[in-house]
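**Q** Provided below for reference: sequence and predicted model.
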Amino acid sequence: METISLGPWLISYDAETTRKVYIQIESGGVERCGCEPCLNFARARKHVYPEEATKVLDKLGVDFTKEAEVYHFCRVRSGWHHYGGLLHFVGSIQRVGSELGAANGKPTVFLKVNENFSWCFSSKRELVPVAFGNLPVVRIIFDAKVPWVLGIKEPD
């Protein structure tokens, strides 16, 4: 395992094992769902993850096209929508900064990557794809503002 420091988190990770797990996962949650907000997310993916985030995800071994879960909150303004989602990787959280004030193991502070994307990390096993089995996982929870790119009417 290697370690990486991301904001207040010190995380151990196994990128090679994570990549092997993602090879076993056929598709992400948005493709399995297929609703209009999910289809929009899939089409807009290149606008969702900033370069700084994709570099970290690649280092961790995460295939960001295979999110475990993506959820649409609302339209924030014409042409832009608020989404959240989950990704996982093999590893463990070694240290969490005290400013997180984690209540019941849930992080309360997101680390801003850019104006449209922020994330936090948790050791809570939630919506972990079956391919991860009993491996130790870290859950990435992201929050994103995503453009509406489908050629159909936007939901509220």
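**A** Yep, it's here. Residues are numbered from 1 along each chain as shown.
**Q** how about the longest helix seen in the chain as CSV, C-alpha atoms only?
**A** Across the chain, the longest stretch assigned as helix under DSSP state H is helix 36-48. Written as CSV, here are the backbone C-alpha positions of helix 36-48 (Å, rounded to 0.1, in the frame of the first residue of the first chain):
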residue,chain,number,x,y,z
GLU,A,36,-32.7,11.4,-17.9
PRO,A,37,-30.6,13.0,-15.2
CYS,A,38,-28.3,10.0,-15.2
LEU,A,39,-28.0,10.0,-19.0
ASN,A,40,-27.1,13.7,-18.7
PHE,A,41,-24.4,12.9,-16.2
ALA,A,42,-23.0,10.2,-18.4
ARG,A,43,-22.8,12.5,-21.4
ALA,A,44,-21.4,15.4,-19.3
ARG,A,45,-18.8,13.3,-17.5
LYS,A,46,-15.9,15.1,-19.2
HIS,A,47,-17.1,18.3,-17.6
VAL,A,48,-17.7,16.8,-14.2
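**Q** which residues touch the helix or strand following it?
**A** Using DSSP states H and E, the helix or strand that follows helix 36-48 towards the C-terminus is helix 51-60. Contact with helix 51-60 is made by 4, 6, 13, 15, 18, 49, 64, 87, 89, 91, 113-114, 117, 119, 140, 142, as judged by Cβ atoms under 8 Å, 6 or more residues apart in numbering. (Each C-beta comes from the backbone N, C-alpha and C, glycine too.)
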